[in-house]
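K.L.:
sequence and computational prediction follow.
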Amino acid sequence: MKPPIVNIDGLPRCAWPGQDPLYVAYHDTEWGVPEYDDRALYEKLMLDGFQAGLSWITILRKRDNFRRAFDGFEPAVIARYGKRKVEALMRDEGIVRNRAKIEGAVASARAYLAVMEKGPGFSKLLWDFLDGRPRINHFRSRGQIPAETPVSRAMSKELARRGFKFCGPTIVYAFMQATGMVNDHVVACHRHAVLAQPAARR
């Protein structure tokens, strides 16, 4: 088993953030923390969609630019984007300029509004796949962590059925990890035990 990365502060961590300060801060304060806010979940799913084919650190470094360019990821605003706005986003060097992903974010905003207005609500729709509670895994190495699961495949299928884009099962599982639907910090990481506590789960 490969030992976890130990930073200069002496804390053992998952290996994937390396020593990058931005990545380490994200690992320590955001990744794996249960998120129940509807809009925040929409933002994270969109950013994971933009990550497809790229590394997450690339998106993380551009996240503030994304928030500026996409009006704070307010679905009601994004749902009204037309061709002119899409073309403006295609010229924005601060984000990932991929037309399919940009147009996918617009389609997903419209799907989100439908879920909020006529369905169970976005957070409830997603968390109901896990009975409202995070799943605590106990992986000892990164190699044991799956790229997708039956739950991520089922969630992906439901999101696609409702009109969401860039929500394949691998993207959805990365989204589940990031939003604390599963605790996939390796057991030797200092964050695993913290997030496994009942008080940290909501």
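P.N.:
Sure thing, it's come through.
K.L.:
M155 and M116, how far apart?
P.N.:
Using CB to CB, to the nearest Å, M155 is found at 17 Å from M116. Any C-beta I mention is one placed from the backbone N, CA and C, and that applies to glycine too.
K.L.:
who has more neighbours, the two?
P.N.:
Between M155 and M116, M155 has the larger neighbour count (other CB atoms under 10 Å), namely 23 against 18.
K.L.:
and the next helix or strand past the host helix or strand of the more buried one?
P.N.:
Assessed by DSSP states H and E, M155 sits inside helix 150-161. Next along the chain after helix 150-161, taking DSSP H and E as the criterion, comes helix 169-178.
K.L.:
show the average pLDDT along the helix or strand following that following helix.
P.N.:
Once helix 169-178 ends, the next helix or strand along the chain (criterion: DSSP H and E) is strand 182-183. On average, the pLDDT along strand 182-183 is 98.
K.L.:
other residues contacting strand 182-183?
P.N.:
With contact meaning CB atoms under 8 Å, 6 or more residues apart in numbering, strand 182-183 is reached by 32, 130, 134-137, 173, 176, 192, 195-196.
K.L.:
just stretch 65-81 next, same as before
P.N.:
Everything outside stretch 65-81 that qualifies as a contact, by CB under 8 Å, 6+ apart, is 39, 42-43, 46-47, 50, 59, 89, 92, 94-95, 105-106, 109-110, 112-113, 116.
K.L.:
and stretch 50-63, by the same measure?
P.N.:
20, 22-23, 26, 47, 66, 94-96, 98, 101, 105, 166, 168, 171, 174.
K.L.:
narrow those to those that are buried.
P.N.:
Listed as buried from the contacts of stretch 50-63 are 23, 26, 47, 66, 95-96, 98, 101, 105, 166, 168, 171, 174; burial here means 16 or more other CB atoms under 10 Å.
K.L.:
distance of N98 from L54?
P.N.:
Distance from N98 to L54, by CB to CB: 10 Å.
K.L.:
could you do V77 as well?
P.N.:
From V77 over to L54 the distance is 25 Å, taken as CB to CB.
K.L.:
can you find the helix or strand in this structure with the smallest mean pLDDT?
P.N.:
Sorted by mean pLDDT, DSSP states H and E, the helices and strands of the chain end with strand 5-6, the least confident at a mean of 61.
K.L.:
how about the residue nearest the centre of the chain, what does it touch?
P.N.:
Residue closest to the mean C-alpha point of the chain, counted by CA atoms, centre = their mean, is F175 at 3.3 Å. By CB under 8 Å, 6+ apart, the contact set of F175 is 44-45, 48, 181.
K.L.:
quick check, nearest of these to A15?
P.N.:
Distance to A15, by CB to CB, is smallest for D48 among these, at 20.3 Å.
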